[in-house]
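K.L.:
3D model of this:
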Amino acid sequence: MRQPYARLAPVDSTESQFERILNVVARLAMVGIGFAVLLTMLRAGQFFLAPVTLAIVVGLMFGPVADRVERWGVPPALSAGVVVLLLLGVIAGFSLLFAVPLSEWVARAPLIWEKLQAQLANLREPLESVGQFQEQLTSVLGNSSTMSVQVEDGSAVTGVAMLAPTILAQIAIFLASLYFFVATRDHIRMSVLSMCVTRRMRWRTAHVFRDVEQKVSRFLLSVTMINLCVGTAVAIAMWIIGMPSPILWGAMAAVLNYIPYVGQAIMITVLLAVGLGTQTELVQILLPVACYAGINFVEGQIFTPHFIGRSLTLNPFIIFLSITFWIWAWGPVGGLVAVPTLLMAQSMILHALPSKPVAPRRPVRRTARMTDRDELLANAAQAIREQRLDAETESKTEIRKQERREPPQGTGPTGVEPSAS
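P.N.:
Below you'll find the predicted structure:
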């Protein structure tokens, strides 16, 4: 007869509550120290890690292109070269779109600055009233100290000359990393799979590779097509309203649209500054901003959800945190890799920690006054209630089985032989 399994005793029953709290705090402190070390490494390794990460993201985007070229019998080393040349062609095309109009705006920069100063001169009276209020407040508080601002003269040309070797080195690292990643991506996948010791681990790792490549490639290709459409629409709108250099604003809108939220804010600020420097009437100043905001609203509410799909949508708050973190760590390159890294992390977490959706067996019937949020919360409460009932039922069943295994009280063997009468 198979004996029931004995219940495991706690590891240390003599451990006090204070010692348990200290153990938890020590573990949290170790996690915090590890996170701080990771942040320091990301900031310190920006020169190397930023171009390599961007190369991996772009390589995942152009992975299907390399696969299609390899189906024609082209070796991986040559297909990776084709991908690099294709990317360089795209960059050269956008550079041509930027170069001529941007040089014209740089030449007109002094005139625009003078007009901006004239526009800001109208705000002198409100600023003077604010200054008078500050003086009155200082006299009331009795603090006679004044704030001094010192402007150090520095040469912008010297700064650019100092940064040029660093930028060129990062571009070289990016192109080399992109080539070798695209050429050896299959070998990298097989090497990682060979290190998995169990079949389940290999299965999950293979699915992580598949989902990461599909999600990132699909997301970036879809976003690229949408951004090209946005840039074309912005260029046409700027041409219709008479904005100078419409191609420049369309190309800038397409590039900045890769960075959610931050790119749109930069584009609105640039258009507003250009409007203030080139126009005099309020309607003409705000018209370019209104056209861009309308196009961006239509893109964000209609085209992006339709073409990208709900499966690739992420929480906007998480996206904002990721963008701010990576921009803080790596600057503009961090803004480009923020969303793809979120998709990679999502795929890894989903396969490493698979979870079941919170759905009840008997969904709550929706009434006319219920909103989507009320229905979601009601179904979640119903699912939790069903899980609690299932746990209670399973516990009662286990107790009954345990009682059946134990002999009735007073009939079990005691180890004492009965006395002879």
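
K.L.:
Please compute how far stretch 200-219 lies from its chain's middle.
P.N.:
Taking C-alpha atoms, centre = their mean, to the nearest Å, the mean C-alpha location of stretch 200-219 is offset from the chain mean by 18 Å.

K.L.:
Kindly format the C-alpha coordinates of that stretch as PDB.
P.N.:
Taking Å, rounded to 0.1, in the frame of the first residue of the first chain, the C-alpha atoms of stretch 200-219 are listed here in PDB:
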ATOM      1  CA  ARG A 200      11.400  22.600 -23.000                       C
ATOM      2  CA  MET A 201      14.100  25.200 -22.700                       C
ATOM      3  CA  ARG A 202      15.000  24.800 -26.400                       C
ATOM      4  CA  TRP A 203      11.400  25.000 -27.400                       C
ATOM      5  CA  ARG A 204      10.800  28.200 -25.500                       C
ATOM      6  CA  THR A 205      14.100  29.700 -26.700                       C
ATOM      7  CA  ALA A 206      13.200  28.900 -30.300                       C
ATOM      8  CA  HIS A 207       9.800  30.500 -29.900                       C
ATOM      9  CA  VAL A 208      11.500  33.600 -28.400                       C
ATOM     10  CA  PHE A 209      13.700  33.900 -31.500                       C
ATOM     11  CA  ARG A 210      10.800  33.500 -33.800                       C
ATOM     12  CA  ASP A 211       8.500  36.000 -32.000                       C
ATOM     13  CA  VAL A 212      11.200  38.600 -31.600                       C
ATOM     14  CA  GLU A 213      12.100  38.500 -35.300                       C
ATOM     15  CA  GLN A 214       8.500  38.500 -36.400                       C
ATOM     16  CA  LYS A 215       7.300  41.200 -34.000                       C
ATOM     17  CA  VAL A 216      10.300  43.600 -34.500                       C
ATOM     18  CA  SER A 217      10.400  43.100 -38.300                       C
ATOM     19  CA  ARG A 218       6.700  43.500 -38.700                       C
ATOM     20  CA  PHE A 219       6.600  46.500 -36.400                       C
END
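
K.L.:
what's the distance between Ala290 and Glu375?
P.N.:
Ala290 sits at a distance of 37 Å from Glu375 (criterion: C-beta to C-beta, to the nearest Å). Heads up, the C-betas are built off the backbone N, CA and C, glycines and all.

K.L.:
Ok, His207 next?
P.N.:
From His207 to Glu375 the distance is 32 Å (C-beta to C-beta).

K.L.:
now Val24
P.N.:
38 Å.

K.L.:
and the two? which has more neighbours close in?
P.N.:
Higher neighbour count among Val24 and Glu375: Glu375, with 15 against 10, using other C-beta atoms under 10 Å.

K.L.:
Could you tell me the model confidence score at the residue nearest to Ile266 when sequence neighbours are not counted?
P.N.:
If the residues on either side of it in the chain are set aside, Ile266 comes closest to Leu256, at 5.7 Å by C-beta to C-beta, 6 or more residues apart in numbering. The score at Leu256 is 87. That number is its pLDDT.

K.L.:
Over to Met30?
P.N.:
pLDDT, Met30: 92.

K.L.:
Ala50 is in contact with Gln170, isn't it?
P.N.:
Yes. Under the criterion of C-beta atoms under 8 Å, Ala50 makes contact with Gln170 at 7.0 Å.

K.L.:
Quick one: mean pLDDT over the helix or strand hosting Ala380.
P.N.:
Using DSSP states H and E, Ala380 sits in helix 372-405. Helix 372-405 shows a mean pLDDT of 77.

K.L.:
Any buried residues in it, and which?
P.N.:
Ala378, Asn379, Gln382, Ala383 (16 or more other C-beta atoms under 10 Å).

K.L.:
right, and out of the residues you listed, which lies closest to Arg369?
P.N.:
Ala378 (12.0 Å; C-beta to C-beta).

K.L.:
From Leu321, how far out is Leu22?
P.N.:
Leu22 is 31 Å from Leu321, by C-beta to C-beta.

K.L.:
My error: substitute Ala169 in the last question.
P.N.:
Distance from Ala169 to Leu321, counting by C-beta to C-beta: 30 Å.

K.L.:
same thing with Met252?
P.N.:
Applying C-beta to C-beta, the value for Met252 to Leu321 is 26 Å.

K.L.:
Flag the shaky bits of this protein, pLDDT-wise.
P.N.:
1-15, 108-109, 111-163, 306-313, 354-359, 372, 406-421 (pLDDT under 70).

K.L.:
who's in contact with Val58?
P.N.:
Contact analysis of Val58 by C-beta atoms under 8 Å, 6 or more residues apart in numbering lists Leu87, Leu178, Leu220.

K.L.:
Recalculate using a threshold of 10 Å.
P.N.:
83-84, 87, 174, 177-178, 181-182, 216, 220, 336-337, 340 (C-beta atoms under 10 Å, 6 or more residues apart in numbering).

K.L.:
what do you get for Gly242?
P.N.:
Applying C-beta under 10 Å, 6+ apart to Gly242 gives the contacts Gln279, Gln284, Leu287, Pro288.

K.L.:
hmm, which of those are the buried ones?
P.N.:
Gln279, Leu287, Pro288.

K.L.:
May I see these organised as a markdown table, with secondary structure added?
P.N.:
Formatted as a markdown table, these follow (DSSP: H, G, I helix; E, B strand; the rest coil):
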| residue | secondary structure |
| --- | --- |
| Gln279 | coil |
| Leu287 | helix |
| Pro288 | helix |
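
K.L.:
If we only consider those, which is nearest to Gln346?
P.N.:
Pro288 (36.4 Å).

K.L.:
how much space between the closest one and Ser245?
P.N.:
Taken as C-beta to C-beta, the span from Pro288 to Ser245 is 11 Å.

K.L.:
Which residues are in contact with each of those two?
P.N.:
Taking C-beta under 10 Å, 6+ apart as the contact rule, the neighbours common to Pro288 and Ser245 are Met238, Val274.
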